[in-house]
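Participant: Quick one, structure for this:
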Amino acid sequence: MNGYKRFPEKLKLKIMKEYYHNKVASKDLICKYNLNKDTFKWWCRLYKLHVNQAFSVSATNRTRKFDDSFKVKVVLEYLNDKQSIKSIAANHLIDPSIVRAWIKWYNIQKDNKGIGDMKYYKFTTEKKIEIAKHCIDNNLNYSETAHEYKISYSTVYNWTNKYSKGGKSAFTNTKSSKIKLDKNAKYEKDKKEILKKFEKKKKHFLTMLRTKTREELADIARKNHKR
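Facilitator: Sure, this is the predicted structure:
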């Protein structure tokens, strides 16, 4: 059960200060606080690198979001710099299990001729169409196209399928543009309805001016004012 026990940030810092500053033996601290030996070593690694920021909530939060470019950067540190997973994880204040998962993710993508060590950027509509055309011109060879442009197989498949069915407009007629068009259409419809009602009232008003006496018009005006 030791490995599942949660320790607040302040207590972790207190234990580290007892060890590094008060020179309390590690075995005594492990026994005193009922710690797992590996957990204690991990805390020491974090504290030596980051001192008082080692256990901050934002740093140790396992639900933090990371973009793909950062994941690749971390994995390449492991592959190219020959550092251990724990060293890299400690440097970036990430749990080692997360780094292991990223390495697995990276290898799967690379085996499928996906991300590799690509630079991440947002593809323009023109680039997506270029990639789709390349795939079509090469007898729908999705794997070759994915390798050529350093993107995933599924991305090539989706863009090629989209282009085959809808051409260039398939990449420009997004959901947001459709909503905008719908709103514009509704606005034009409402405007026509308002003008139509106005024309009816205008005709009614002109008819009254021609058929009613001055006294009758004054009486109508008083009644409308009271409303």
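
Participant: check contacts around Glu156.
Facilitator: Rather than Glu, residue 156 is Val. Listed by Cβ atoms under 8 Å, 6 or more residues apart in numbering, the contact partners of Val156 are 131-132, 135, 142, 145-146, 149. C-beta: built from backbone N, CA, C; applies to glycine.

Participant: helix or strand for it, which one?
Facilitator: helix 153-166 (DSSP states H and E).

Participant: State the next helix or strand along the chain beyond that helix.
Facilitator: Following helix 153-166 in sequence, per DSSP H and E, is helix 169-172.

Participant: contacts for that next one?
Facilitator: So helix 169-172 is in contact with 125, 128-129, 159, 162-163, going by Cβ under 8 Å, 6+ apart.

Participant: Mind checking which of those are buried?
Facilitator: 128-129, 159, 163 (16 or more other Cβ atoms under 10 Å).

Participant: Mind putting the residues you listed into JSON lines with pLDDT and distance to Glu18?
Facilitator: What follows is those, written out as JSON lines (pLDDT from 0 to 100; distance: Cβ to Cβ, whole Å):
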{"residue": "Lys128", "pLDDT": "88", "distance to Glu18": "58"}
{"residue": "Ile129", "pLDDT": "89", "distance to Glu18": "63"}
{"residue": "Trp159", "pLDDT": "88", "distance to Glu18": "58"}
{"residue": "Tyr163", "pLDDT": "88", "distance to Glu18": "64"}
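
Participant: would you turn the residues you listed into a markdown table with distance to Tyr33?
Facilitator: Converted to a markdown table, the buried ones among the contacts of helix 169-172 look like this (distance: Cβ to Cβ, whole Å):
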| residue | distance to Tyr33 |
| --- | --- |
| Lys128 | 56 |
| Ile129 | 61 |
| Trp159 | 55 |
| Tyr163 | 61 |
